[in-house]
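**Q** With the sequence up front, the predicted model follows.
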Amino acid sequence: MRIDDKRELIVVGDRLLISVDEGEQCTAGGILVPATAVNQRAVQTGRVVAVGPGTPVPQPNDVADEPWKEVTRADEPNYVPLQARVGDTAVFLKSAAVEITIDRRAYLIVPNGAVLVLHRDHGRAS
């Protein structure tokens, strides 16, 4: 995620950078839930701002089937990509999140294993 012309934030591994809207929330029925009740929940929601490359996995040729053969390694590591994409809304376990502040804006770093569900808006077909 580009912060400005000189700085970039790179999310590593199987982590997500999430922007969270703090404060009161409104339920589907229109009931206003105060911030104190929202803070006591075990789960939290937020918008995915950046996604790491995924879970690293070894190169297929890292394990030599014939020990006398030379093992060649590619320069680039392999990753199992994450399901989350930038713009998704994530519901995650609040206890697993780590809060950081960048330019006076709060973000959460959440491991992929703490994400319970993703909501992706595909838009409406015309």
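**A** All right, it came through fine.
**Q** And the strands in this structure?
**A** Using DSSP state E, the strands found in the chain span residues 15-19, 25-26, 32-33, 43-51, 55-57, 78-80, 89-93, 98-102, 105-111, 115-119.
**Q** Tell me who's in contact with Ile100.
**A** Ile100 makes contact with 106-109, according to CB atoms under 8 Å, 6 or more residues apart in numbering. Bear in mind the C-beta positions are built from the backbone N, C-alpha and C, glycine included.
**Q** Which entries within those meet the buried criterion?
**A** Among the contacts of Ile100, the ones that count as buried by 16 or more other CB atoms under 10 Å are 107-109.
**Q** Adding pLDDT and distance to Gln44, write the residues you listed out as CSV.
**A** Output for the buried ones among the contacts of Ile100, formatted as CSV (pLDDT from 0 to 100; distance: CB to CB, whole Å):
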residue, pLDDT, distance to Gln44
Tyr107, 94, 12
Leu108, 95, 8
Ile109, 96, 13
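**Q** need those in a markdown table with distance to Met1, can you?
**A** Conversion of the buried ones among the contacts of Ile100 to a markdown table gives the following (distance: CB to CB, whole Å):
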| residue | distance to Met1 |
| --- | --- |
| Tyr107 | 9 |
| Leu108 | 13 |
| Ile109 | 12 |
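**Q** Distance check, Ser19 against Arg47.
**A** 5 Å (CB to CB, to the nearest Å).
**Q** what residues are up against the closest residue to Leu118 other than its chain neighbours?
**A** The spatial neighbour of Leu118 that comes closest, neighbours along the chain excluded (CB to CB, 6 or more residues apart in numbering), is Asp88 at 4.7 Å. Residues near Asp88 by CB under 8 Å, 6+ apart: 47-48, 118-120.
**Q** Out of these, who's the most crowded?
**A** Val48 (23 neighbours; other CB atoms under 10 Å).
**Q** Excluding sequence neighbours, find me the nearest residue to it.
**A** Nearest residue to Val48, sequence neighbours excluded (CB to CB, 6+ apart): Asp88, at 4.6 Å.
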